[in-house]
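Student: After the sequence you'll find the predicted model.
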Amino acid sequence: MLELVDKDGRTIGTAEKLAAHQAPGQLHRAFSVFLFDDAGRLLLQQRALGKYHSPGVWSNTCCGHPYPGESPFAAAARRTHEELGISPFLLREAGTVTYNHPDPDSGLVEQEYNHLFAGWVRGTPQPDPEEVADTVFATPEELAKRHEQGPFSAWFMTVLDAARPAIRELTGAAAGW
């Protein structure tokens, strides 16, 4: 179940996950995580091919939906560990963004009130193959090249652009984010 929200992020109900993503979509709470290694590279994940929504595309470190009543911060930390086998440290809020992104391949709609988080990670990801096909740490230049070459999630640039001020504060302007 997902938490449905109004345009200000106030909870107004719940809906089954697939139903909330079917056109025209229902505005629901989500989160997106951006984790960086000590070199200032962003950890990207390629979504597993078995995912019903956006399979095989590259995206930010982790994204998902809090359980109804669960804080977005707790959900972000929980899901990062479940999907990637790592735990973020110094995780901080990086704002919110609302968007509506239809996925032409699946017909599903991402209509989300998304809580953004940025932080650091140490160690090697141990991805759950049901969730993640691959991972890579990327510099801004490597990300730009990868973004030109292959498919990314429909929401990726929206959440990255919204999180950039907090990411720059976290990583330092010299990192180029």
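Tutor: Sure, I can see it.
Student: ok, which stretches of the protein are helices?
Tutor: For the chain, helices defined by DSSP state H occupy the ranges 17-21, 72-84, 140-149, 156-171.
Student: name the helices or strands packed onto the shortest one?
Tutor: Where contact means 3 or more Cβ pairs under 8 Å, 6 or more residues apart in numbering; DSSP states H and E, helix 17-21 is packed against strand 2-5, strand 109-120. Where C-beta positions appear, they are placed from N, C-alpha and C, glycine not excepted.
Student: Name the stretch among these that sits most buried.
Tutor: strand 109-120 (a mean of 23; mean count of other Cβ atoms under 10 Å).
Student: Just want the angle from it to helix 156-171.
Tutor: Taking axes from the mean of the first three to the mean of the last three Cα atoms, to 10 degrees, one finds that strand 109-120 is oriented at 20 degrees with respect to helix 156-171.
Student: what about strand 109-120, distance to the chain center?
Tutor: 5 Å (Cα atoms, centre = their mean, to the nearest Å).
Student: show me what contacts Asp8?
Tutor: Neighbour list for Asp8: empty [criterion: Cβ atoms under 8 Å, 6 or more residues apart in numbering].
Student: Using CSV, please lay out the helices of the chain together with distance to Glu110 and mean neighbour count.
Tutor: Converted to CSV, the helices of the chain look like this (distance: least, Cβ to Cβ, whole Å; neighbours: other Cβ atoms under 10 Å):
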stretch, distance to Glu110, mean neighbour count
helix 17-21, 7, 16
helix 72-84, 16, 20
helix 140-149, 18, 13
helix 156-171, 9, 18
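Student: what would the ones you listed look like in a markdown table with mean pLDDT and distance to Thr98?
Tutor: A markdown table is the format used below for these (pLDDT from 0 to 100; distance: least, Cβ to Cβ, whole Å):
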| stretch | mean pLDDT | distance to Thr98 |
| --- | --- | --- |
| helix 17-21 | 94 | 14 |
| helix 72-84 | 97 | 14 |
| helix 140-149 | 95 | 22 |
| helix 156-171 | 95 | 9 |
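Student: Identify whichever of these lies nearest to Asp105.
Tutor: Comparing those against Asp105 with Cβ to Cβ, the closest turns out to be helix 17-21 (13.0 Å).
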